[in-house]
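Colleague: model this:
(chains A and B)
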Amino acid sequence: MSVDRRSVADKKLTVQGHAQLLVVGAGAAGLAAAIEGARRGLSVVLLDENPVPFETMGESVPLHFGGRVGGVARNRNAMMEAMLESAPDLATAFELGVDVRLGTACWGLYVNGANLGWMPAPLAGLADEEGGTHLVSFERAIVATGRRDMGLAFPGWEQPGVMGATAAVQLATRYGALEGTRAVVLGTTAEALLAALTLQARGITVAAVIEQATAPVGPADLVADLRKSGIELRCGEVVRAVDTDLNGVCGVATRSGPLACDLVVLGIGAVPMVDLLDAAGCELAFHAARGGYTPMLDAAGRTSVDIIQAVGDCAGIWPAKSRDAAIAEAEARQAVAAAAAALGMAGEARPPAPPPGDAPPAEAPYDISAYRQDWVRASVIEATGEPYICQCEEVTACEILDVRPPRYLDWQGADHRRRNLATLLGEEPPNPDQIKRLTRAGMGPCQGRRCREQVQALLALQAAVPLGAVPLAGYRAPVRPLPLKAAAPQAEDAAFGEQWDSWFGMPRQWVPFWDVEDDYTVAGLAVEKPHASE
Amino acid sequence: MPANDLTQPDGARGASVVVVGGGVTGLSAAWWLARAGVDVVVIEKGIVGWEASGRNGGGCSHHHSPLFAEEQRLWPLMDEMLGHPTEFQANRVRIALNEKQLALYSRAVVNARHQGFCIDEIDAKQVRELVPLAGDNVLAGHFYHFGGHANPHRTVQAFAWALQDLGGRVMQHTTVTGFTREGGKVIAVETDKGRFGCDHLVLAAGPQTGRLAAMLDVDIPLKVARAEMIVTEALPLMPIGGVDGNGLYGRQTLRGNLAYGGGPHEWVETEELPGGARPSTPLMQNIAKRVAELLPLAGHARIIRSWAGLIENTPDGRPVIDRAEGWDNLTVATLSGVGFGLSPASGRAIQQLVTDGACSFADLSTLRLRRFAHLEPDWAALQGWQSLAMAT
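Modeller: Numbering: from 1, shown residues only, chains lettered A, B, ... in the order given. Sure, this is the predicted structure:
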């Protein structure tokens, strides 16, 4: 049989390195997975993008750092040391022979499956701090990418100082690099309350915790701790505006008066970081009790892509888990037991019994669908002025709901106002991927990390459906921005260059129509015809 | 039974013409039909433009095609005719980095001149003036005084909206399950949302066209392949956005992003049921390498997305736009992987085939289905067009 030389059939990808078990993310869950894997005799590669280069943090990748990364983060050695100090288990992993790669981001996981069959093995695309990229092959992957924070627009939220709770806690506790002294925390989720208490313990004054609802939604004992620690809780409030000076935020305006602060910490929703899983084709569904879109998992933590497993916050966030790392660690050990069994290395060790609270509650402790929509209504829709929901592409809520062409087009068409979400959609729930292509909300270099959940809530509000009825705006590799030059393969099989064509390289496709035979047969290709390449 | 039987549930009312496929070809055909006063409905399994129509390079310069002259006449008029923006931008620069590329690209000059269109040969310095992101590695280039590029998503939606503005209907999330025939006529399209009566049926369903045509005993030889593109963050606009070469197709969008594709494709099995995965692969890296060669001053620009699309291909890679033999009222169309740029013209050609039985502005004889009458039955294997799973 003949081979289409212009296809991928005879092209070899350059693969540098192999792991039986690839673990992405060296937080509590990822570290536990790597250590358990090594103890069971697996060859383990453990990746973590942290410490992320200072410039990248400045662009709020991967967390919403909000321009409050202190100068200490410029010193990579200091950051690396801080990371090692903050996670003593990293040393244990080293000692057990785990190939630990810090400062190495995983921008894609690729597994042969439907409509894809040319890869020699499951592959992970990595980018290291020297700025190069390469591919490693793996047999099983455990994704433990953690969480990030739902963004929330209000007038001035693009100012330095407005940041995610996870980002604030990471800067304060891991690196000692949070540049700010006085915080206002938005939201009373367990994660927001924990962030407020943690920041206070690290010497940051928490001026207030603000909640748009009439009562806090987080666990009662955490609310009590908050009150005990003297932190003011203001319910029925949102940030109406921010005051700024040369350094960004210096205060916020609320209905009950101004608050001086240089940090506005968004804690209204801790979001499982599922970018890598979604881009790899793992099936996701909205699980309110797990904090949002999370992978469909079986009991062993296997996603719909059999060899990819998910553990820790990216597999689900609930209050008990946010308070006790042992739950994520137990998930990780169970997942490794399943991975090892699949690799024929079951070993003797059984995972220890999981701690209490290891499963999400049957129902979310509060209605996160309503809670997130209420925040978006109170803060974004009812804002005075029209804050951009999508900061990268500068798109407002109104522009999204009107499906208005982006402003760079300066479109003066007579009748675009007749177009809105309802006429676009018919009876179906709104699809954020369609909206983003038309309005560009979510299409910028932050890859939708700051606006995805807000747009979801906005569309749900408009269509009067629960949050989970609005599909996830899809993630695409590379799930971290990757410079063209750095993305180029370090070595490329010569067959790529020899056979490269802008399109399919078919012998008759571009022959001008006046020079085409009446009949087409494969045998007729013996007669060569000059043709352009398009 | 009249095609627009009002006893059907409101959404599932038939139309004089039912178009199956809400890609750019089907929507353009429907829009042209509506302009001609025809009652038309488009049936789409998902969302308009969700497949290759919304996942392509946006190029509009197909000088090999019998529809080329009409493509060129129409594109500059489309924003006004549709009443919605397409982001069409005229002209194109093609950059050759070596002699091999220059020889290949020079053939376009012959094609264009043959049809009275102009391409200038420009030197490296002129290339760099037009394309500030180009580098010292430019050998030479071509400036097309025609062609250009548009935004695929926006154009597809513009067709859909313009169709609705004229009273046409688009039924999204509606899957065709069968057809009702009566003698030599298709009298209704059966879907999961009901039955749509029709006086004429247009099949323009991309990778699904072959499967649907087979349900009507029409054989359209097609194989499906996956191709990939990448896009960077926005950069300052160059004087011209329609820039490609070095084995790539693509453009700088009006927003400033660089969107490029090219290189090897992968043959896949046509899905029995549509809507499966459209995975991109590490080919992203090989494309990135060539974009960085084409536009070295953009080497720092960050890739923020990659994607893949499924593309149906006829054995010679040329479109089929034809009235199906053996049927009184069936028109079939596949643009064979090159449908976006030609869409303003292909839709008009389809409209005329439906309403007049022939196209007045272009000779469609090379796009007939009959050209495959003597095709070898094992043509796909002979051409190596088989999925890797099948080949092993």
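Colleague: contacts, neighbours, all on C-alpha from now
Modeller: OK.
Colleague: contacting residues for A:Thr384?
Modeller: When contacts are counted by Cα atoms under 8 Å, 6 or more residues apart in numbering or on different chains, A:Thr384 touches A:155, A:240.
Colleague: Domain map for chain B?
Modeller: Split into domains by automatic domain parsing, chain B comes to B:15-54+B:153-222+B:316-378, B:89-149+B:223-313.
Colleague: Using neighbour counts, pick out the buried residues of stretch B:295-309.
Modeller: In terms of neighbour count (16 or more other Cα atoms under 10 Å in any protein chain shown), stretch B:295-309 has its buried residues at B:295-296, B:298-299, B:301-309.
Colleague: which one of the residues you listed is nearest chain A?
Modeller: Chain A lies nearest to B:Arg302 out of the buried residues of stretch B:295-309, by Cα to the nearest Cα, at 3.8 Å.
Colleague: who wins for proximity to A:Cys451 among the domains of chain B?
Modeller: Set against A:Cys451 and scored by Cα to Cα, the domains of chain B come closest in domain B:89-149+B:223-313, at 15.4 Å.
Colleague: what about the closest one, start to end distance?
Modeller: In domain B:89-149+B:223-313, first residue to last residue: 27 Å (Cα to Cα, to the nearest Å).
Colleague: What average pLDDT does it get?
Modeller: Confidence over domain B:89-149+B:223-313 (mean pLDDT, whole number) is 95.
Colleague: So what's the gap between it and the chain middle?
Modeller: Distance of domain B:89-149+B:223-313 from its chain centroid, counting by Cα atoms, centre = their mean, to the nearest Å, is 16 Å.
Colleague: what residues are up against the closest residue to chain B within the stretch 51-200 of chain A?
Modeller: Here the residue of the stretch 51-200 of chain A nearest chain B is A:Asn115; by Cα to the nearest Cα that distance is 5.5 Å. Applying Cα under 8 Å, 6+ apart, one finds that A:Asn115 lies in contact with B:226, B:268-269, B:276-279.
Colleague: Strands along the stretch 201-350 of chain A, start to end?
Modeller: For the stretch 201-350 of chain A, the strands identified by DSSP state E, counting those that start in this stretch occupy A:205-211, A:233-235, A:241-245, A:248-254, A:257-260, A:263-266, A:270-272, A:284-287, A:292-295, A:308-310, in order along the chain.
Colleague: Adding distance to B:Ser365, write these out as JSON lines.
Modeller: Formatted as JSON lines, the entries for these read as follows, by distance: least, Cα to Cα, whole Å:
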{"stretch": "strand A:205-211", "distance to B:Ser365": "69"}
{"stretch": "strand A:233-235", "distance to B:Ser365": "73"}
{"stretch": "strand A:241-245", "distance to B:Ser365": "66"}
{"stretch": "strand A:248-254", "distance to B:Ser365": "67"}
{"stretch": "strand A:257-260", "distance to B:Ser365": "75"}
{"stretch": "strand A:263-266", "distance to B:Ser365": "63"}
{"stretch": "strand A:270-272", "distance to B:Ser365": "56"}
{"stretch": "strand A:284-287", "distance to B:Ser365": "48"}
{"stretch": "strand A:292-295", "distance to B:Ser365": "51"}
{"stretch": "strand A:308-310", "distance to B:Ser365": "51"}
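Colleague: do you know which of those strands lies nearest B:His173?
Modeller: strand A:284-287 (19.6 Å).
Colleague: So is that closest one next to chain B?
Modeller: No: using Cα under 8 Å from any Cα of the partner chain as the criterion, no contacts between strand A:284-287 and chain B are found, and the smallest distance is 13.4 Å.
Colleague: re earlier: which among the contacts of A:Asn115 end up buried?
Modeller: Among those, those that count as buried by neighbour count (16+ other Cα under 10 Å) are B:226, B:268-269, B:278-279.
Colleague: would B:Gly347 count as being in a helix?
Modeller: Yes: secondary structure of B:Gly347 (DSSP: H, G, I helix; E, B strand; the rest coil): part of a helix.
Colleague: From B:Gln285, how far out is it?
Modeller: Between B:Gly347 and B:Gln285 the distance is 36 Å, computed by Cα to Cα.
Colleague: What are the buried residues along the helix of greatest length in chain B?
Modeller: With DSSP state H applied, the helix covering the greatest number of residues in chain B is identified as helix B:99-114. Neighbour-count burial for helix B:99-114, counted by 16+ other Cα under 10 Å, picks out B:101-102, B:105-112.
Colleague: Is there proximity between whichever helix or strand comes after it and chain A?
Modeller: Following the chain from helix B:99-114 toward its C-terminal end, the next helix or strand by DSSP states H and E is strand B:119-123. No: for strand B:119-123 and chain A, the contact criterion (Cα under 8 Å from any Cα) is not met; the two come no nearer than 13.9 Å.
Colleague: Specify the angle between strand B:119-123 and helix B:99-114 in degrees.
Modeller: Regarding strand B:119-123 and helix B:99-114, their directions subtend 150 degrees when assessed with axes from the mean of the first three to the mean of the last three Cα atoms, to 10 degrees.
Colleague: tell me the phi and psi of the residue nearest the centre of chain B?
Modeller: What sits nearest the mean C-alpha location of chain B, by Cα atoms, centre = their mean, is B:Gly339, with 1.9 Å. When quoted as degrees, to the nearest 10, the phi and psi of B:Gly339 stand at phi -100, psi -30.
Colleague: So for it, what's the pLDDT?
Modeller: At B:Gly339 the predicted local confidence, pLDDT, stands at 95.
Colleague: Excluding chain neighbours, what is closest to it?
Modeller: B:Thr25 (6.7 Å; Cα to Cα, 6 or more residues apart in numbering or on different chains).
Colleague: Doesn't the one you found belong to a strand?
Modeller: No: judged by three-state DSSP, B:Thr25 forms no part of a strand; its state is helix.
Colleague: so who does the residue nearest to the centre of chain B touch?
Modeller: Taking Cα under 8 Å, 6+ apart as the test, what B:Gly339 contacts is B:24-25, B:53.
Colleague: Show me which of those is closest to chain A.
Modeller: Distance to chain A across those (Cα to the nearest Cα) is lowest for B:Ser53, with 12.8 Å.
Colleague: Next, find the distance separating the closest one from B:Ala345.
Modeller: As for B:Ser53, its distance to B:Ala345 is 15 Å (criterion: Cα to Cα).
Colleague: Repeat that for A:Tyr475.
Modeller: 34 Å.
Colleague: okay, these two: which has more neighbours?
Modeller: Neighbours were tallied for A:Tyr475 and for B:Ala345 using other Cα atoms under 10 Å in any protein chain shown; the higher tally belongs to B:Ala345 (27 against 22).
Colleague: close enough to count as contact, the more buried one and B:Pro66?
Modeller: No: between B:Ala345 and B:Pro66 no contact is recorded; they are 9.8 Å apart, counting by Cα atoms under 8 Å.
Colleague: element containing A:Lys436?
Modeller: Assessed by DSSP H and E, A:Lys436 sits inside helix A:432-439.
Colleague: Toward the C-terminus, what is the element adjacent to that helix?
Modeller: On the C-terminal side of helix A:432-439, the closest following helix or strand by DSSP H and E is helix A:452-463.
Colleague: Can you check the pLDDT for the closest residue to B:Asn313 other than its chain neighbours?
Modeller: Setting aside the residues directly before and after it, B:Asn313 is nearest to B:Ser336 in space (Cα to Cα, 6+ apart), at 4.4 Å. pLDDT, B:Ser336: 96.
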